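>>> I'll drop the sequence and a predicted model, then ask my questions.
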Amino acid sequence: MTALLEVEALVGGYGAADEILKGITVALPERRMAAIVGPNGAGKSTLLKAIAGMLRAKSGQVRLSGELLTGLPPRGVAMRGVAFVPQEANIFPSLSVRENLEMGGYLEPRATVTQRVEGLFARFPMLAEKRRRAARTLSGGQRQILAMGMALMVAPKLLLLDEPSAGLSPKAAESLFDDIAAIHAEGTAILMVEQNALEALAIAEDGIVLVDGRVARTGPAAELASDPEVRRLFLGG
Ligand SMILES: Nc1ncnc2c1ncn2[C@@H]1O[C@H](COP(=O)(O)OP(=O)(O)OP(=O)(O)O)[C@@H](O)[C@H]1O
């Protein structure tokens, strides 16, 4: 079976300085969810940016369903079915909730946009309730739902989430993780970077531990979450 996402020997960084990604090889099957965990500065966010086309790889390849993504601009990657939700500044604060969702689907035909917005309102009643409110009035957890909703407007095959629970209270994070698990259960493959490593591994099927720009461990998420060495070294557990 061809994997949905294949990252092979990816090397890259932000300039002439040292490479941040030092040869990353990971794969994600169709409809699967993997959590990327590891210490600060390991290159987790950088890996997501490289997959999304926001960072030019120095060498190595990224493929989606066998098709080469490496070298495509972010728009080209997005048009092939990869939606990226950055950690910050992922909504338009002064636009309404509905307008934010419409912006998420601005490349889609009008009728598709209307249909998908209605689908998201049905899926997330909070968004429907607040559809006319400026996005800046939402709570942190509600903003993350809106940001994911914008990404879902293109019906992506793969959703890239960069620390969705950052800055949320434990209760808000727990509720957000429930929503992420539900989005995954509906068939979207997800690659999620998280500081809340144990919570992320609890809802993901696969785990990827990144340390200093390299893959230190991969395996079933539950296995990694209960591995004493992983807990001690990377999860503070
Ligand atoms: N835009 C940038 N320009 C230059 N260097 C950057 C940039 N963004 C990140 N870096 C550097 O790249 C390294 C990896 O950062 P990255 O954000 O990928 O780590 P991370 O594993 O996601 O950790 P964190 O949880 O701290 O975000 C860090 O040393 C960081 O300082």
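Yes, it's here.

>>> pLDDT below threshold where in the chain?
1, 16, 233-237 (pLDDT under 70).

>>> just the helices in it please.
44-51, 74-79, 97-104, 110-123, 125-129, 140-152, 170-185, 197-203, 221-226, 228-234 (DSSP state H).

>>> check the offset of stretch 141-150 from the chain's centre.
12 Å (CA atoms, centre = their mean, to the nearest Å).

>>> mind putting the helices of the chain in JSON lines, distance to L10 and mean neighbour count included?
(C-beta placed from N, C-alpha, C; glycine too.) Shown next, in JSON lines, are these (distance: least, CB to CB, whole Å; neighbours: other CB atoms under 10 Å):
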{"stretch": "helix 44-51", "distance to L10": "6", "mean neighbour count": "24"}
{"stretch": "helix 74-79", "distance to L10": "14", "mean neighbour count": "15"}
{"stretch": "helix 97-104", "distance to L10": "27", "mean neighbour count": "22"}
{"stretch": "helix 110-123", "distance to L10": "32", "mean neighbour count": "15"}
{"stretch": "helix 125-129", "distance to L10": "35", "mean neighbour count": "15"}
{"stretch": "helix 140-152", "distance to L10": "22", "mean neighbour count": "23"}
{"stretch": "helix 170-185", "distance to L10": "24", "mean neighbour count": "16"}
{"stretch": "helix 197-203", "distance to L10": "21", "mean neighbour count": "21"}
{"stretch": "helix 221-226", "distance to L10": "21", "mean neighbour count": "18"}
{"stretch": "helix 228-234", "distance to L10": "21", "mean neighbour count": "15"}
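
>>> out of the ones you listed, nearest to the ligand?
helix 44-51 (3.3 Å; CB to the nearest ligand atom).

>>> by contact count, what packs against that closest one?
Secondary-structure packing of helix 44-51 (3 or more CB pairs under 8 Å, 6 or more residues apart in numbering; DSSP states H and E): strand 5-12, strand 21-28, strand 33-37, strand 82-85, strand 158-162, strand 189-193.

>>> angle of the first one against strand 21-28?
Regarding strand 5-12 and strand 21-28, their directions subtend 180 degrees when assessed with axes from the mean of the first three to the mean of the last three CA atoms, to 10 degrees.

>>> strand 5-12 pairs with which strands, and in what direction?
strand 21-28 (antiparallel), strand 59-64 (antiparallel) (DSSP bridges).

>>> for the third one, same thing?
On the basis of DSSP bridges, the sheet neighbours of strand 33-37 come out as strand 189-193 (parallel), strand 206-211 (parallel).

>>> hmm, back to that, which one of the helices and strands packed on helix 44-51 lies closest to the ligand?
strand 189-193 (6.0 Å).

>>> can you give the contact residues for that closest one?
4-5, 28-37, 44-45, 47-48, 51, 157-164, 180, 183-184, 200, 204 (CB atoms under 8 Å, 6 or more residues apart in numbering).

>>> could you check the angle it makes with helix 44-51?
Per the same axes, to 10 degrees, the angle that strand 189-193 makes with helix 44-51 is 140 degrees.
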